[in-house]
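# dropping a prediction and its sequence here:
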Amino acid sequence: MHRAIEFSNPLTVPTPQFRAAVIAIAVVLALSLLPAQPAQAQTLTVLHTFTGGQDGGYPEAGLTMDREGNLYGTTYDSSPPHYDGNVFKMTRSGSSWVLTPLYTFDGTHGAYPQARVVFGPDGALYGTTAAGGQSGCYYEGAGCGVVFKLQPPAAACHSALCPWTQTVIHYFTDDPDGAAPGFGDVIFDPQGRLYGTTWRGGSGYERGGTLYQLTPSNGYWTASILHNFGDESGSWPLGGTSFDATGNLYGTTWFGGTGDGVVYQMMPSGSGWQYNVIHQFDGTDGNSAKAALFRDAAGNFYSTTEGGGADGVGVVFQMTSSGGGWTYNVIYNFLGTQFYDGPLSTLISDAQGNLYGDTLDGGIYGNGSVFKLTPTAGGWTYTSLHDFNCNGPEGCGIFGPLVMDAEGNIYGTSNGGGVANCGNGYACGTVWEITP
């Protein structure tokens, strides 16, 4: 229902006004076509409804949780004059939650965050923006994006709003380092080096994005390009990367290879890295992967595709190391009777080995869902934990990965919907909790 909000043509960043109009159309269609909502065993609670003011709006990433159970996230939109998005924190207060804006982007130092913020080894928050910065780019001069660091104020703050200090640790320039970091989180290795991907730019002939490394030294960060993506090796790595136990990197591409994208491996080799395609999607087993790989305790990887599979609407797949290579298995095919497109975000797991994910659209109302896959002797069993409804207070359109606390409660964001006017006549998303 919200495919136009997500940039299905990844060369265009939709304006907040265009996105709001699409959401309004989606709501009208949903109300005219969809049946009544069935009872579900889980309980969904809205923790915050975005208003388009200081709290921002249209979150396109999921949430990050700290050790105290506080939540951190980003929004694609923010209050005037810049409308470039923000970073926020949510803290539990009794039986409710309080949202505090931490930083509002101004374009020059980044714009339009589409990935989560994550904690680095130094305790600071790190993240990326899809645009903004100091160099012109294909976003009609809007900048090629940045990698940023956020830290709490050095001195005690006695006001209601205490902005954190932002430092841009890398400005992307399109060539040679890439442009527009996608939906994937940045990650760190044990030495404190940061890794991420861009889905456009680079110095390769195809200019299909880059895999980059940022190395800290004496307060500065040095960028290294580990791989330039192109059609033969895969293009447009919209998700992030994941490590295995030996320090190899893994990821997916939305396009390229034989045409439907790839799963790739990066192996340290001498002073550089060796790039290997370990699976080529052919459509029947999935295509258009936008999520990073999730690694379980046994070393298996799991992820999703937006399209392809038995019904053409996406799959959940497993990669298993076997005899020095990798075996690819589809463990679940999404059904065309329930979904328009499959999931976009990285899966998570609980202690029992169940997998959890979400979809941008589909479900009973066509407005997104949260699902659970349970391993059984004969395969995996699918359970819908919640089907979102644009006409309900929970919002609709689920982009980002989920996060789970120690009690098994699941937290996430909705990109649109909710009950608040977002400053332009439309609702602009929520933060929610699903309790088993």
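Thanks, I have the structure now. Computed from a predicted model, the values in this text were never measured in an experiment. Residues are numbered from 1 along each chain as shown.
# show me where the protein has helices.
Listed in chain order, the helices found in the chain under DSSP state H are 16-33.
# and Pro101, what are its bridge partners?
On the basis of DSSP bridges, Pro101 is bridged to Phe88.
# which residues touch it?
Gln54, Asp55, Gly56, Asn86, Val87, Phe88, Leu161, Pro163 (CB atoms under 8 Å, 6 or more residues apart in numbering). Yep, even glycine has a C-beta here, placed from its N, CA and C like the rest.
# just the ones of those in strands?
Asn86, Val87, Phe88 (DSSP state E).
# now tabulate these in CSV and tack on distance to Tyr356 and neighbour count.
Below are those laid out as CSV (distance: CB to CB, whole Å; neighbours: other CB atoms under 10 Å):
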residue, distance to Tyr356, neighbour count
Asn86, 27, 24
Val87, 24, 26
Phe88, 23, 25
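# so, if you compare those, which one comes nearest to Gly209?
When the ones in strands among the contacts of Pro101 are compared for distance to Gly209 (CB to CB), Val87 wins out at 24.0 Å.
# for that closest one, what are its contacts?
If you count contacts by CB under 8 Å, 6+ apart, Val87 has them with Tyr72, Gly73, Thr74, Pro101, Leu102, Tyr103, Pro113, Val117, Leu125, Gly127, Leu150, Trp164.
# lowest-confidence member of these, which is it?
Ranked by pLDDT, the contacts of Val87 bottom out at Trp164, which has 91.
# what score does Gln42 have for pLDDT?
The predicted local confidence for Gln42 is 79.
# next: Thr210.
In this prediction, Thr210 carries a pLDDT score of 96.
# now the one 4 residues further on
As summarised for this prediction, Leu214 has a pLDDT of 98.
# specify the beta-bridge partners of it.
Beta bridges link Leu214 to Leu194, Ala223 when assigned by DSSP bridges.
# count the neighbours of it for me.
When counting by other CB atoms under 10 Å, one arrives at 20 neighbours for Leu214.
# right, and it touches Tyr220 too?
No: with contact defined as CB atoms under 8 Å, Leu214 does not count as touching Tyr220 (9.9 Å).
# correct me, but Gln265 touches Gly247?
No: using CB under 8 Å, Gln265 is not in contact with Gly247, being 11.4 Å away.
# neighbour count winner among those two?
Higher neighbour count among Gln265 and Gly247: Gln265, with 20 against 12, using other CB under 10 Å.
# once you drop chain neighbours, what's closest to the more buried one?
Closest residue in space to Gln265, ignoring its immediate chain neighbours: Asn276 at 4.5 Å, by CB to CB, 6 or more residues apart in numbering.
# quick revisit: list just the nearest of the contacts of Val87 to Thr43.
The closest of the contacts of Val87, once distances to Thr43 are taken by CB to CB, is Gly73, at 21.2 Å.
# that closest one and Leu355: what is the separation?
22 Å (CB to CB, to the nearest Å).
# taking the contacts of Val87, please make a PyMOL selection of just the buried ones.
Filtering these down to the buried ones (16 or more other CB atoms under 10 Å) takes a single PyMOL command:
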select buried, resi 72+73+74+101+102+103+113+117+125+127+150+164
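# got CSV for the contacts of Val87, with distance to Pro190 too?
Output for the contacts of Val87, formatted as CSV (distance: CB to CB, whole Å):
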residue, distance to Pro190
Tyr72, 23
Gly73, 26
Thr74, 26
Pro101, 33
Leu102, 27
Tyr103, 28
Pro113, 26
Val117, 21
Leu125, 19
Gly127, 21
Leu150, 22
Trp164, 26
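# where does the stretch 201-350 of the chain dip in pLDDT?
Judged against pLDDT under 70, the stretch 201-350 of the chain has no low-scoring part.
# in it, which spans are strands?
Applying DSSP state E, counting those that start in this stretch to the stretch 201-350 of the chain gives strands spanning 210-217, 220-228, 242-243, 249-252, 262-269, 272-280, 294-295, 301-304, 315-322, 325-333, 348-349.
# which residues does the first one contact?
This means strand 210-217. Strand 210-217 has contacts (CB under 8 Å, 6+ apart) with 147, 169-170, 176-178, 192-198, 201-202, 221-229, 237, 241, 249, 251, 266.
# one more time with 7 Å
Residues from elsewhere that reach strand 210-217 (CB atoms under 7 Å, 6 or more residues apart in numbering): 147, 169-170, 177-178, 192-198, 201-202, 221-229, 237, 241, 266.
# mind checking which of the contacts of Val87 are in strands?
Tyr72, Gly73, Thr74, Pro101, Leu102, Tyr103, Leu125, Gly127, Leu150.
# may I ask which two of those residues are separated the most?
By the measure CB to CB, Pro101 and Gly127 form the most distant pair in those, at 14.7 Å.
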